[in-house]
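pasting the sequence and the predicted coordinates here, then a few questions.
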Amino acid sequence: MAKYTKPTLDTKFHIDFSWWQQKGQNLRAFLQGHLCEGCREEAADSEGQTFDWISPDTGEVFTIDSLWHVIHKNCPNDPEFFDSRVPLTTAIFRAFIANNNAPLTPQELFEVTQKKSPEMILRTIGRRQVYKGIKPVR
């Protein structure tokens, strides 16, 4: 078993798509909750379509639902995407959508979401419990 290293404010995080697969979670169903009003029709057209996403850090290839791409290219422009009523873990997940899952530090996540503080973000996602597949980049 790998040794746990406590993340810091300089640790980069990302959405680990393999976590979704390992947990048997439905990423498409979860992504549907992040659609802005204007994307619902386009999302319906993407039903059943996938694309290969390559991790820029590991080179690992994941098959991702096309719904990710629909949300990534459109929804971050919607003012409600990072609305103040959105829970912190949801805002963090959306920050990774907006940045196409490029690894981000807690400080960078704060700059995107404008939620809480980098320290609070780290306390939320830097624990052993994984929220929505958000993990430190290995």
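That came through, no problem.

quick check: mean pLDDT across the lengthiest helix in the chain?
Criterion DSSP state H: the longest helix present in the chain is helix 88-98. Helix 88-98 carries an average pLDDT of 94.

give me the contacts around it.
For helix 88-98, contacts defined as CB atoms under 8 Å, 6 or more residues apart in numbering pick out 13-15, 34, 68, 71-72, 75-76, 81-82, 86, 102, 104, 109, 112-113, 115-116, 120-121, 124-125, 131-132, 134. Glycine gets a C-beta too; all of them are placed from N, C-alpha and C.

so what does the helix or strand following that helix touch, helix or strand wise?
For helix 88-98, the following helix or strand on the C-terminal side (DSSP states H and E) is helix 106-113. Judged by 3 or more CB pairs under 8 Å, 6 or more residues apart in numbering; DSSP states H and E, helix 106-113 is in contact with helix 88-98, helix 118-125.

what angle do the first one and helix 106-113 make?
So the one you mean is helix 88-98. Per axes from the mean of the first three to the mean of the last three CA atoms, to 10 degrees, the angle that helix 88-98 makes with helix 106-113 is 90 degrees.

buried set for helix 88-98?
Neighbour-count burial for helix 88-98 flags 88, 90-98 (criterion: 16 or more other CB atoms under 10 Å).

show me which of those residues is closest to residue 54.
Nearest to residue 54, judged by CB to CB, of those is residue 96 at 15.5 Å.

so how far is residue 115 from the residue most central in space within the chain?
Geometric centre of the chain, nearest residue: residue 93, 3.4 Å, by CA atoms, centre = their mean. Separation of residue 93 from residue 115 (CB to CB, to the nearest Å): 12 Å.
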